[in-house]
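Chemist: Okay, here's the prediction I keep looking at, along with the sequence it came from:
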Amino acid sequence: MAYILGTAGHVDHGKTALVRCLTGVETSHIPEEKRRGMTIELGFASLEDPVHGTVGIVDVPGHERFIRNMVAGTWGLDAAMLIVAADDGWMQMSSDHLRVLKAMQINAILLVITKSDLADADMIELIQEDANRHCREILGRELPSVAVSAQTGAGIDLLKKKITELLGTVRPAQPDKPFLYIDRVFTLKGIGVTITGTLRGKGIAVGDSLSLYPGGTECRIKNIQNHHADVESSEPGMRTALNLKIAEKTKVDRGMLLAGQGESPVLQGSELLIRVDEYFSKTESGTGIKNHSELELAAGSTHAIGSIHFNKTDPTLARVSLQEPIAGRWNQNAVLIRHGGSAILASCRILAAFSSYQVPVFKRLFTVYTNRELPSWKAADFFLNGFIEKTLAAPKELSTDSSEVVTCGKWLLLTAKLTEWEAKIIDTAKKSQAGFTLEELDAAIPVKVRPELLKKLCAEQKLSAEGSLYKQAGQGSTLSKSAQQLLQLALKAGVDGIEIDKIQQPQVRKDARDLVKLGQLVVLEGFLHYHHTVYEKAVGAILKGKKQGDIITIADARTASGLSRKYVIPLLNILEKTGKVKRQDNDRIVL
C-alpha cells in the first residue's frame, strides 16, 4: 500500500528545508512563500523508501495564522514528523500541531530535531527531553526521535531508517469506498476541471464514476496522475490528481469531497451532531467553549463558520450549526477553532449531518449517543429503530455489549426494544377475547419484524396460533357479555341482518370484529353482518343442487334464497372471494 507522511511544527523550524533535503523537491511553490520564507499553502513531494516504495510527503504551514491549512494537510496522513528546531526549542505551535495530529488520530509520529548544526550535543539532548515532556502531557507517551541537519546532511540517513520503521507501524482503516478531499482545483482550457488530494479508502481507475459532495453531483475520471506521472489507476494513500468529466457550471471548490460507491453513507449538511473528544483551551468551566458561541469547524480540507450548542445531559455531545454545508464520513475527525483567531479549542468527531435543524431528530440522536460510543455507522440506526437484518451487520458492529443484541429469525434486535415489543404483544393477547391478527398489533412495533416476533413467542409457548389469529397460550374463546348480546341480536334479525353502525351498545365495533374473527358473524357489506348460521343457510340454498360448471344468475340466487338483491349480491361476492364461484359478466360459475 502507499503511505503519506506529513510535517508538523512551528514556523521557521526547518520543515520545508528538511523535505527538500529528503526529496530534492522545493515545496515552497508560490512567490509569496519564497519571498516570506515560510509555507502558506500545502506543499507536496515524494520520497522513495526501500521497503514501502513511493511515500508522499505533505509539507504543512507552521504559522499560527495558517492553522486551517495545517488541518487540511493532516486529515489524510498515515504518519508525521513533528519538527522542533535545535536553536529554538519547543514553541506554542509545536503543541498546537501535536494536538491537531492527535485530533486526526495520527498515531505514528517521529520527533525530528532539526538544525542540529546550530547546537551542541548537550543542548540537543535537552531539547529532546523538553519536547518529550510536552509529548507526555499531550499524548501520554514519548516519541521516537532523531536529530538532523538539512544544511550538512547529518542524521539524514538515520532519519530515513526511522521513517521506514515508523511506516511499518501504520495500520490504516479500510473504508468501503474511495474518498478524496479536494485541496487544489484547476480549470484549464481544453482540459477542464482538475483536482488534487490524498486518496483514501479504496482505489480508483480511469473511467470510474464518483460523486462530488455536498450535493452528490456525478462525475467521471478522465485522467489520473500520481507524482506528476500519468497512470491508469491510483491506490489508497497516494497523492492523486484527477481530471474530471463533470457537468458545466458545476461548483468545484477546495474542501469538497469526492467519493465512490459503497455501503457507508456520506454525511452532508450544515447541521452537525458532533462528539467532543478533548478540550485544548480549558477555563474555569472546564471546556473553554461557551455554549451557543461562534467558532469554526475544520474537517478534511474544508472549514466552515458556525455556532455550537451543547447537549445538557451529555456535554460531550453538541449540535454545530454551520453557515455552509460540508461533507464527510461517519466519525470523521475534526477540529474546533476559535472564530477569527487561530486557537485550537477542541478535537471532535462528526456523527451525523442534516440539511436543516429538526428538533425531534436531534433529540433522538442525543438519546442514542448519550454516554455511549457506537462501533460503526450502522449502530446509530440500529439503536434508533431497534432492528436490522442479519445480512447487513454483525453484532459487534452494533454494540460493544453483546447482551444488547439478540437474534430473532432473520433480524438482529436491540434487547431493550425486544422486551418492550414482546410486552406489548402479550398485553394485546390478554385484552383480546377472540385473538388478534398481525395487522392489529401496536403501530410502534415494526411491520417487518412482527412475523418473526410472533413466531418466537409461539415457539416459547407464550402465544398460540390458529390460522392468522394469535392468542395467549391456553386462552379460551370466552365471549364478553356484550359480544354475546350482539350475537343474539344477529340471530334474532335472521336474513335482515344487523347494521353495526346503528346499534347503540358499548364497544360494539370491537365485539363485531372479534365475532367475525371467531366465525360467529359474517360481514356481508360495510356494516351489514349475518349470524353465521343464517349465512350458511342462505349460501346453502343458493348452491343447493349445483355442480361444477353450473351457472348461477342473480335471479336464480334470489329465487333459491328468497332474498332481495341487497343481500344476494353481497352473498355472491363472498362466494367469489372464498373461491366457490367465479364471476362471468353478471353471472357466477360454480367451481
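Modeler: Sure, I can see it.
Chemist: what residues go with each domain of the protein?
Modeler: For the chain, automatic domain parsing gives the domain ranges 3-167, 179-259, 267-373, 481-590.
Chemist: Find the centremost residue of this protein, please.
Modeler: In the chain, the residue lying closest to the centroid (Cα atoms, centre = their mean) is Trp377, at 4.0 Å.
Chemist: Quick check: buried residues in stretch 456-473?
Modeler: For stretch 456-473, the neighbour count (16 or more other Cβ atoms under 10 Å) marks Lys456, Leu457, Lys462, Leu463, Ser464, Leu469, Tyr470, Lys471, Gln472 as buried. Just so you know, the C-beta spots here come from the backbone N, C-alpha and C atoms, and that holds for glycine as well.
Chemist: re the thing from before, deepest of the domains of the chain, which one?
Modeler: domain 3-167 (a mean of 20; mean count of other Cβ atoms under 10 Å).
Chemist: end to end, how far does that domain reach?
Modeler: 7 Å (Cα to Cα, to the nearest Å).
Chemist: Then stretch 174-184?
Modeler: In stretch 174-184, first residue to last residue: 25 Å (Cα to Cα).
Chemist: next one: that stretch to chain centre, how far?
Modeler: Offset of stretch 174-184 from its chain centre (Cα atoms, centre = their mean, to the nearest Å): 16 Å.
Chemist: same thing with stretch 47-54?
Modeler: Distance, centroid of stretch 47-54 to centroid of chain: 36 Å (Cα atoms, centre = their mean).
Chemist: Next: stretch 55-62.
Modeler: The chain centroid and the centroid of stretch 55-62 are separated by 31 Å under Cα atoms, centre = their mean.
Chemist: Alpha carbons of it, as CSV, please.
Modeler: The C-alpha coordinates for stretch 55-62 follow below in CSV (Å, rounded to 0.1, in the frame of the first residue of the first chain):
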residue,chain,number,x,y,z
VAL,A,55,6.0,7.8,0.0
GLY,A,56,4.0,11.0,-0.5
ILE,A,57,5.1,13.9,1.7
VAL,A,58,2.8,16.8,2.7
ASP,A,59,4.6,19.9,4.0
VAL,A,60,2.2,21.9,6.1
PRO,A,61,2.4,25.6,7.1
GLY,A,62,3.7,26.3,10.6
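Chemist: that older thread, now, the buried residues of stretch 456-473 that are in strands?
Modeler: Leu463, Ser464, Leu469, Tyr470, Lys471, Gln472 (DSSP state E).
Chemist: Pick out whichever of those sits closest to Pro325.
Modeler: Closest to Pro325 out of these is Tyr470 (47.8 Å), distances taken as Cβ to Cβ.
Chemist: Beta-bridge partners for that closest one, please?
Modeler: Assessed by DSSP bridges, Tyr470 has beta-bridge partners Phe436, Ala465.
Chemist: Surely it is in contact with Lys462?
Modeler: No. Applying Cβ atoms under 8 Å, one finds Tyr470 not in contact with Lys462, separated by 10.1 Å.
Chemist: Report the residue spans of the chain with pLDDT below the cut-off.
Modeler: Residue ranges of the chain with pLDDT under 70: 1, 26-43, 61-67, 281-287, 475-477.
Chemist: could you say what helices and strands the longest helix seen in it packs with?
Modeler: Taking DSSP state H as the criterion, the chain has its longest helix at helix 121-139. Contact partners of helix 121-139 among helices and strands, from 3 or more Cβ pairs under 8 Å, 6 or more residues apart in numbering; DSSP states H and E: strand 79-85, helix 92-103, strand 108-114, strand 145-147.
Chemist: contact partners of it?
Modeler: With contacts defined as Cβ atoms under 8 Å, 6 or more residues apart in numbering, helix 121-139 is touched by 82, 84, 86, 89-90, 94-95, 98-99, 102, 109, 111, 113, 116, 119, 141-143, 145, 147.
Chemist: now it and helix 92-103, what's the angle there?
Modeler: 50 degrees (axes from the mean of the first three to the mean of the last three Cα atoms, to 10 degrees).
Chemist: Run the angle between helix 121-139 and strand 108-114 for me.
Modeler: Going by the same axes, to 10 degrees, helix 121-139 makes 150 degrees with strand 108-114.
Chemist: Now do helix 121-139: distance to the chain's middle.
Modeler: Using Cα atoms, centre = their mean, the offset of helix 121-139 from its chain centre is 41 Å.
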